[in-house]
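# Coordinates for the following, if possible.
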Amino acid sequence: MPSPLLAPRAWPFHALALLLVAAAGWLGLWQYDAWQAHRAAEARDLTRSEPVALAEVFGPDDPFPADRVGQPVILSGTWLPAQTVYVTGRERAGVPGAWVVTPLVVGPGDSALLVVRGWVPATDLPPAAGIPDPPRGPAEFVGLLQPGEGTGAVDDDPDDDLLPQVRIADMLQRLDRDLYGGYAVVAEEVAPGAWPHGADALNDGTAGLAAASVDQLPPVGRFTALRNLLYAVEWWVFGLFAAFLWWRWTRDEVEAERFAAEG
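You can find the predicted model right below:
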């Protein structure tokens, strides 16, 4: 006997189940994409936005603004060359190396901001002589803001100038002045027409160094667009329920046909 599931009267039920499952799956993907889009928008890349004055973003005693990670700021101040340090463990194109970090006095009360001037290969680190002398005197350039790091890495030798991370607390022990609660990376590319950067910058300290990359973007909130994600799950559950009803109906039809045949 032909299966009752192949009978013409069963076709509308199969079509309805397929339509409901497909629609629920598509609507769930649509809500999931909306959830991802909202999160991507919150973690937007500010590095190409118009530079603003550092004072417009935060001060030396303020916590780092989480929504300004990567924000280009105009930095104007004086270098502290004697406090230059090297943050190890930074790769560039697969080559191990370090960031060259020098404080810049920028804020009121002689507050300083740590500035990543560039990158050097590990073979050039002290005591090697492959690193150019740190800059001296006044400077004005664009930097990209980054929050201080806290990876938990331990400095094996506190007496040298090699550090495992850009941790503000570690640098406070080396300087006799207040530090901003973050650092800046000298900008290689900013918004078109922005000044001062590149060849227009004043003494940005990048001569002889490779450009350092910005690794961090704004963090995404835990509950960002959560409603869209819940809607996506809801649609997928609805699709599974429709598939379950179709399965129950097909099982009941087969069982009824079998009982009729046996009876």
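# and the longest helix for the protein?
Scanning the chain for the longest helix, with DSSP state H as the assignment, gives helix 226-262.
# Sticking with the closest residue to Trp249 other than its chain neighbours, tell me its helix or strand.
Among residues not flanking Trp249 along the chain, Phe13 sits closest, at 6.3 Å (CB to CB, 6 or more residues apart in numbering). For glycine as for every other residue, the C-beta is placed from the backbone atoms N, C-alpha and C. Using DSSP states H and E, the element containing Phe13 is helix 11-42.
# how far does that helix sit from the chain's center?
28 Å (CA atoms, centre = their mean, to the nearest Å).
# That helix to helix 226-262, inter-axis angle?
Interaxial angle, helix 11-42 versus helix 226-262 (axes from the mean of the first three to the mean of the last three CA atoms, to 10 degrees): 160 degrees.
# how many neighbours does Glu234 have?
By other CB atoms under 10 Å, 14 other residues sit near Glu234.
# you'd agree Arg90 is up against Trp99?
Yes: in this structure Arg90 lies within contact range of Trp99 using CB atoms under 8 Å: 5.2 Å.
# Name the residues contacting each of these two.
Common neighbours of Arg90 and Trp99 (criterion: CB atoms under 8 Å, 6 or more residues apart in numbering): 119, 212.
# Between the two, point out the one with more neighbours.
The neighbour comparison of Arg90 against Trp99 (other CB under 10 Å) goes to Trp99, with 26 against 20.
# buried sites along stretch 109-118?
By 16 or more other CB atoms under 10 Å, the buried positions in stretch 109-118 come out as 111-118.
# any chance of those residues in a markdown table, with distance to Phe58 and secondary structure too?
Putting the buried residues of stretch 109-118 into a markdown table (distance: CB to CB, whole Å; DSSP: H, G, I helix; E, B strand; the rest coil) gives the following:
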| residue | distance to Phe58 | secondary structure |
| --- | --- | --- |
| Ser111 | 11 | coil |
| Ala112 | 14 | strand |
| Leu113 | 10 | strand |
| Leu114 | 14 | strand |
| Val115 | 15 | strand |
| Val116 | 18 | strand |
| Arg117 | 21 | strand |
| Gly118 | 24 | strand |
